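> okay, sequence plus prediction incoming.
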Amino acid sequence: MNMNNNIKNLNNDLEKKFIAFVLPTLEIGGAEKMTLNLIQGLLNFGYKIDLILIDAKGPLLKNVPKGCNIIDFKLKHVFFSFLKIIKYLKKNTPTVLISSLTHLNIITILSVLISRVKTKLIIMERANLSSATKNNNLKVKFVSILAHFLYKRADFIIAVSEGVKQDLLKKIPGIENKIRVIYNPVLNKDIFLMSYEPVYHKWFLEKNMPIILSVGRLSKEKNYSILLQAFKLIKDVIKCKLVIIGEGPERENLENLAKSLQINEDLWMPGFDINPYKYMSKSDIFVLTSIYEGLSNVLIEALALGLPLVSTDCESGPREIIKNNINGLLVKVGDYKSLSQAIIYILKNRNKFITNMNELERFKLENVVYEYKNLIDNLSENLFTN
């Protein structure tokens, strides 16, 4: 009898350690990188993990941690995944299912509800929905409306910043007891190791003038046009160079703007690079010009590599990272004159701005993983005791 009870308890313990994550693809993105970091950390605690991919493609596929089982739905769009998620849940019934990205969260919530499995659902919200819906994109607005009605049906909601949490609390009544902030697991040893890789460009090799750096997708919400306008003013005061790492639909517009401002000779936009950290460790200041963010992982990465920051005070995230006049400066969204003044001030007073590494503990992989572990274990205990 005791042996049977021991076997039963062992089986229960194993079931409690079965987690599934769901993502659209493994193209380069903040959600994808952070999910893989989190999976690696949880594998170290002995969890069995499935990674469900709507379409298993993207350069981050090679970074999937050993021991994680990939489930490839081989679909071209998230909205076609509804039936496959239901089928997966009925067949496998993970103890906890974790979803990222707003549109996928909606599909996942509906799938869990219809499948009627006992799986506990954690959704992560990485965007400030109120800010994102101001761009007149009907798809974004529709998804936001669905989130208003469906998010309360999840078992738990993770907001990646306090700003995201407060925004969700305003939009969705009745979720106060099932939402908390857990910051992204941004910082691991790989960032620091990759930062030593050389940059074979004369501006970095000769380093005879300051380099202003920004990293991000060349898209409208990143608002790089004000950085180019600010750089025009900065160049009249300080000889310097501007480097923007990233690719996206706004490239042609930005290149044309740079030519019209006559700054193209001092601007380098090499495109996407899987290792932005080598540029961060060799630049003098990091700049973010976004109209909105969820948290902004690149600000944290740049800060950890010793760069002072200038960022728009957008919703949300930057004000939770930047301490004004200590590790950087915040400026009004869209104000290129204030942006130029802030950058000039830091370039002239570089030694006044320091990084307090103790304040970055909340973004370290091992600390974030421990928070997720406690949440997952508590949800699992509730599932097996009810």
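On my side now, so go ahead.
> every contact and neighbour count from this point should use C-alpha atoms.
OK.
> now do the contacts for the closest residue to Val160 other than its chain neighbours.
Distances taken as Cα to Cα, 6 or more residues apart in numbering put Tyr183 closest to Val160, at 4.8 Å, once the chain neighbours are dropped. Counting by Cα atoms under 8 Å, 6 or more residues apart in numbering, Tyr183 makes contact with 159-161, 362-363, 368.
> does Tyr183 count as helix, strand or coil?
coil (DSSP: H, G, I helix; E, B strand; the rest coil).
> what's the span of stretch 85-100, first residue to last?
This stretch, stretch 85-100, spans 14 Å end to end (Cα to Cα, to the nearest Å).
> buried stuff in it?
By 16 or more other Cα atoms under 10 Å, the buried positions in stretch 85-100 come out as 85-86, 88-90, 93-100.
> what does stretch 343-355 give?
Buried, per 16+ other Cα under 10 Å, within stretch 343-355: 343-344, 346-347, 350, 353-355.
> chain center to it, what's the gap?
26 Å (Cα atoms, centre = their mean, to the nearest Å).
> residues contacting Ser111?
Contacts of Ser111 by Cα under 8 Å, 6+ apart are 82-83, 85-86.
> sorry, back to before: nearest to Leu61 among the buried residues of stretch 343-355?
In terms of Cα to Cα, no member of these lies closer to Leu61 than Thr355, at 32.8 Å.
> and that closest one, what does it touch?
303-304, 306-308, 326-327.
> check the residues you listed for burial and list the buried ones.
Among those, those classed as buried by 16+ other Cα under 10 Å are 303-304, 306-308, 327.
> phi, psi for Ser115 please.
phi -70, psi -20 (degrees, to the nearest 10).
> wait, it sits on Leu89?
Yes: judged on Cα atoms under 8 Å, Ser115 makes contact with Leu89 at a distance of 7.0 Å.
> so how far is Ile158 from Thr118?
In this structure residue 118 is Lys, not Thr. Distance from Lys118 to Ile158, by Cα to Cα: 20 Å.
> quick one, which of these two is more surrounded?
Between Lys118 and Ile158, counted using other Cα atoms under 10 Å, the more crowded position is Ile158 (22 against 16).
> surely that one forms part of a strand?
Yes: counting by three-state DSSP, Ile158 is found in a strand.
> spatially nearest residue to it, not counting backbone neighbours?
Ile158 sits nearest to Met124 (Cα to Cα, 6+ apart), 4.6 Å away.
> any idea which element that neighbour lies in?
strand 120-125 (DSSP states H and E).
> quick one: low-confidence residue ranges for the stretch 1-150 of the chain.
The model of the stretch 1-150 of the chain has pLDDT under 70 over residues 1-16, 135-136.
> strands along that one, start to end?
Here the stretch 1-150 of the chain has its strands, by DSSP state E, counting those that start in this stretch, at 18-23, 48-53, 69-72, 96-100, 120-125.
> switch those over to a markdown table; also include distance to Met34.
Converted to a markdown table, the strands of the stretch 1-150 of the chain look like this (distance: least, Cα to Cα, whole Å):
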| stretch | distance to Met34 |
| --- | --- |
| strand 18-23 | 11 |
| strand 48-53 | 13 |
| strand 69-72 | 16 |
| strand 96-100 | 10 |
| strand 120-125 | 11 |
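> Pro198 is nearest to which of these?
strand 18-23 (32.5 Å).
> list the contacts of the closest one.
32, 47-54, 94-101, 104.
> strand 48-53 and that one, what's the angle between them?
Angle of strand 18-23 versus strand 48-53, following axes from the mean of the first three to the mean of the last three Cα atoms, to 10 degrees, is 20 degrees.
> now stretch 197-205: how far from the chain's centre is it?
27 Å.
> just the CA trace of that stretch, in CSV.
Extracted as CSV, the C-alpha positions of stretch 197-205 are listed here (Å, rounded to 0.1, in the frame of the first residue of the first chain):
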residue,chain,number,x,y,z
GLU,A,197,33.2,40.6,-30.0
PRO,A,198,35.0,43.2,-32.1
VAL,A,199,33.2,45.6,-34.4
TYR,A,200,35.1,46.0,-37.7
HIS,A,201,34.1,49.5,-38.6
LYS,A,202,36.5,52.5,-38.7
TRP,A,203,34.3,54.5,-36.3
PHE,A,204,34.7,51.8,-33.6
LEU,A,205,38.3,50.8,-34.5
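> could I get the average pLDDT for it?
Across stretch 197-205, the average pLDDT comes to 96.
> what's in contact with it?
209, 211, 241, 278-279, 282-283.
> rerun that using 10 Å as the cut-off
For stretch 197-205, the surrounding residues in contact (Cα atoms under 10 Å, 6 or more residues apart in numbering) are 207-211, 240-243, 266, 268, 275-279, 281-283.
> Gly41 contacts Gly67, correct?
No: Gly41 is beyond contact range of Gly67, at 11.6 Å (criterion: Cα atoms under 10 Å).
> now do the SS call for the nearest residue to Asp335 once chain neighbours are set aside.
Spatially, and ignoring its direct neighbours in sequence, Asp335 is nearest to Ile226 (7.3 Å; Cα to Cα, 6+ apart). Secondary structure assignment for Ile226 (three-state DSSP): helix.
> report the contact partners of Ile226.
Counted by Cα under 10 Å, 6+ apart, Ile226 has contacts 232, 289-290, 333-337, 339-340.
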